[in-house]
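Q: just to be clear, the model below is a prediction. Sequence and coordinates:
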Amino acid sequence: MSTKDAKLITEAIAQKNAGNHVKSEKLYSEAIELNGENLHKAYYNKGNLLKEINKIGAALECYEKATSIKPDYGIAWFNWGNLLCKIHKYHEAVRVFEAAISIMPNEINPLFGIAYAYNRIGSPHKSQEILIELLEKVESEQINIDLLSKIHSELGLSFLQTNDVTKAKVHFIKAYELNEYDYQACYNIAYIADTEKRYDAALDFYDKAISIDPNEAKGYQGKGCTLIHSGNLEEALAYIEKAIELNPNDFEGYYNLACIYSGLNNEKAMLDAVSKTISLAPKQLNIGHHILNDPDFSKYSDKISCLL
């Protein structure tokens, strides 16, 4: 790159790498204003910067601009898909990853990206098909351990969604063996151990998950549930309350809180938690019906019915 916009992009990248984000963004904007031959690269690299500083909406716009200017810009499509996954727009991510794959059919990362998205839109069988092929490729080529761990972790999730717990467990354990800091693997090893009533193992792996990401609510929620299942209601209370603090809009936290207060015979607190559960749960779940059929609440069914 030797044109004026190319020089601005090179300098912007250097400023970004040095942590001078404001200066870097200004340089990218100057390159874009030139409307030169490297316009697609200016938008793409500005998108990378904006993603890094958490200006998500603006970053998405940059990736869209880059790919509209240069439709065969595979890496831009891929990074766009990754960012859509980050904000949980998985259906859109599938469309974007499809474009990346059509341009770079032999690249592993876009294939992993679309499998990841499929796992989160209720298409685990599609995810499995891609991941099994990727696993064979990665193992034969001895590609980096981190990616291999992620493939095993996603395979575990896909098998868990298809109720093949035995295979799910194998892949989660393998993911953990390859990378002990894989949150998803630790969390799901704990979840499976809980379903098997191996509560000590479940608590151990939930603790691992919490230590990996103490700001993720799921680990606290899971540990709280295991403590409920093992009869340690007062200890469970602290973990469920922490999960609610981290994710106050998740109805499951309040549902579990209600279970605890029911077991502790605290009727008022239980009814307050049930009321909050009903207000937060999606209407299509018909959560009230589920609560009334839960034996944990049987002695309070009349009063709960009044809340519905």
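A: That came through, no problem. Numbers count the residues shown, from 1 in each chain.
Q: which helix or strand contains the closest residue in space to Val138 that isn't next to it in sequence?
A: Nearest residue to Val138, sequence neighbours excluded (Cβ to Cβ, 6 or more residues apart in numbering): Leu148, at 5.3 Å. Yep, even glycine has a C-beta here, placed from its N, CA and C like the rest. Element membership of Leu148, judged by DSSP states H and E, is helix 145-161.
Q: so how far is that helix off the chain centroid?
A: Its chain's C-alpha centre and that of helix 145-161 lie 13 Å apart, by Cα atoms, centre = their mean, to the nearest Å.
Q: and stretch 33-41, by the same measure?
A: Centre-to-centre, stretch 33-41 and its host chain are 34 Å apart (Cα atoms, centre = their mean).
Q: quick one: contacts of that stretch?
A: By Cβ atoms under 8 Å, 6 or more residues apart in numbering, the surrounding residues in contact with stretch 33-41 are 1, 3-6, 8-9, 31-32, 65-67, 69-70, 73, 76.
Q: now do Tyr220 against Ser301, distance only.
A: To Ser301, Tyr220 is 29 Å away according to Cβ to Cβ, to the nearest Å.
Q: so the two - more neighbours on which side?
A: Shown here are Tyr220 and Ser301; by other Cβ atoms under 10 Å, Tyr220 has more neighbours (24 against 12).
Q: give the contact list for that one.
A: Applying Cβ under 8 Å, 6+ apart, we find Tyr220 in contact with 210, 239-240, 242-243, 246.
Q: of these, which is the nearest to Ala42?
A: Comparing the contacts of Tyr220 against Ala42 with Cβ to Cβ picks out Leu246 as the nearest, at 38.0 Å.
Q: and the closest residue in space to that closest one that isn't next to it in sequence, backbone torsions?
A: Residue nearest to Leu246 in three dimensions, not counting chain neighbours: Ala217, with 3.9 Å by Cβ to Cβ, 6+ apart. Backbone geometry at Ala217, expressed as degrees, to the nearest 10, gives phi -70, psi -30.
Q: can you get me a residue count around Ala217?
A: So Ala217, with other Cβ under 10 Å, has 19 neighbours.
Q: Ile228 is in what secondary structure piece?
A: For Ile228, the host element (DSSP H and E) is helix 217-229.
Q: packing partners of the helix holding Leu148?
A: For helix 145-161, the packing partners by 3 or more Cβ pairs under 8 Å, 6 or more residues apart in numbering; DSSP states H and E come out as helix 108-118, helix 124-141, helix 165-178, helix 183-195.
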